[in-house]
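Undergrad: Structural data only, the sequence is not supplied:
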């Protein structure tokens with residue numbers, strides 16, 4: 001299989017690749033009343049930035065799931081991870097190895113768009129407790145895009161579809177989620193204009209381990225996002241299972 005976007009993130013040891021970065025993650029979690037008694041699922045955990053933060057600051061049980069073996073390996077090798085209340089599992093979001101209603105909170109940061117979306121949402125609702133909270137931060141089309149423009153993103157990310165905001169809500173409702181709150185809804189033009197913010201730069205900063213193949217994909221991504229920054233963006237939605 002050809003070297004792809006997620007391979008580049010894993011090989012480059014990129015800790016946070018989702019829109020808004022770690023700065024946004026911390027702001028989102030501040031609004032969730034997490035306690036030590038809760039159980040959290042960090043789906044598509046990557047290098048475990050969010051997982052580690054929740055376990056270290058709250059002390060609740062966190063289950064970190066990713067299907068990329070190299071990402072899982074990096075997290076398992078993280079200094080001190082064995083002393084934290086973290087379970088690290090290599091698994092596919094579309095077929096989660098959990099019984100029904102296991103988690104009080106599910107966090108998904110730029111993950112579902114890379115899967116068969118309806119199947120993943122069904123699985124996430126299945127393993128979420130009732131009542132339970134689901135937060136997803138996902139790429140979406142902000143302005144109408146031509147077919148050839150969308151194909152560039154699909155080819156880069158190796159995905160089947162890129163949803164509009166309306167399509168995201170439709171699929172979430174179909175899966176059975178309800179009580180939606182839009183926490184963030186913005187184009188990449190707005191996001192890029194704030195990258196110079198000092199606090200954000202400190203939170204989102206990180207060292208990428210560059211190689212020729214990693215750099216090629218990450219540069220291609222950056223150029224594509226800048227070219228279509230007024231048409232592509234992301235939305236953070238909080239939903240519930242009731």
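TA: Good, I have the coordinates. Computed from a predicted structure; not experimentally measured.

Undergrad: which strand in this structure runs the most residues?
TA: The single longest strand within the chain, with elements called by DSSP state E, is strand 128-141.

Undergrad: pretty sure residue 87 contacts residue 60?
TA: No: the criterion here is C-beta atoms under 8 Å, and residue 87 misses it with residue 60 at 12.0 Å. Using the backbone N, CA and C atoms, a C-beta is placed for each residue, glycine as well.

Undergrad: and those two? which has more neighbours close in?
TA: residue 60 (17 against 12; other C-beta atoms under 10 Å).

Undergrad: And the more buried one, how far from residue 36?
TA: To residue 36, residue 60 is 5 Å away according to C-beta to C-beta, to the nearest Å.

Undergrad: Over to residue 233?
TA: Taking C-beta to C-beta, one finds residue 233 at 35 Å from residue 36.

Undergrad: These two: who's more crowded?
TA: The neighbour comparison of residue 233 against residue 36 (other C-beta under 10 Å) goes to residue 233, with 23 against 9.

Undergrad: which SS state does the more buried one fall under?
TA: Recorded secondary structure, residue 233: strand (DSSP: H, G, I helix; E, B strand; the rest coil).

Undergrad: what residues are up against it?
TA: When contacts are counted by C-beta atoms under 8 Å, 6 or more residues apart in numbering, residue 233 touches 19, 139-142, 185-188, 190-191.

Undergrad: excluding its backbone neighbours, what's nearest residue 122?
TA: residue 175 (5.3 Å; C-beta to C-beta, 6 or more residues apart in numbering).

Undergrad: Strands of this protein, residue ranges please.
TA: 39-43, 61-66, 86-90, 103-109, 128-141, 178-187, 232-241.

Undergrad: my read: the residue nearest to residue 122 touches residue 126, true?
TA: No: with contact defined as C-beta under 8 Å, residue 175 does not count as touching residue 126 (9.2 Å).

Undergrad: Which one's more surrounded, these two?
TA: residue 175 (21 against 16).

Undergrad: For residue 54, see how far away that one is.
TA: Residue 175 is 24 Å from residue 54, by C-beta to C-beta.

Undergrad: And the lowest mean pLDDT element among the helices and strands of the chain?
TA: One helix or strand of the chain scores below all others by mean pLDDT, DSSP states H and E: helix 198-204, with a mean of 54.

Undergrad: thinking again about what came up before, give the buried residues for the longest strand of the chain.
TA: 128-129, 132-141 (16 or more other C-beta atoms under 10 Å).

Undergrad: what's the farthest-apart pair in those?
TA: For the buried residues of strand 128-141, the farthest-apart pair by C-beta to C-beta is 129 and 141; their separation is 31.7 Å.

Undergrad: Show me the residue at the heart of the chain, geometrically.
TA: Closest to where the C-alpha atoms of the chain average out (C-alpha atoms, centre = their mean) is residue 109, at 1.5 Å.

Undergrad: Give me the spatial nearest neighbour of that one, chain neighbours excluded.
TA: residue 18 (3.9 Å).

Undergrad: swap in residue 136?
TA: For residue 136, the spatially nearest residue (C-beta to C-beta, 6+ apart) is residue 108, at 4.4 Å.

Undergrad: Report the contact partners of that neighbour.
TA: 43-44, 124, 134-138.

Undergrad: Show me which helix runs longest in this structure.
TA: helix 212-227 (DSSP state H).

Undergrad: tell me the angle that one makes with strand 128-141.
TA: Per axes from the mean of the first three to the mean of the last three C-alpha atoms, to 10 degrees, the angle that helix 212-227 makes with strand 128-141 is 80 degrees.

Undergrad: Name the residues that touch helix 212-227?
TA: Here helix 212-227 has contacts from 3-5, 7-8, 11-12, 14, 152-153, 156, 188, 192, 208, 232, using C-beta under 8 Å, 6+ apart.
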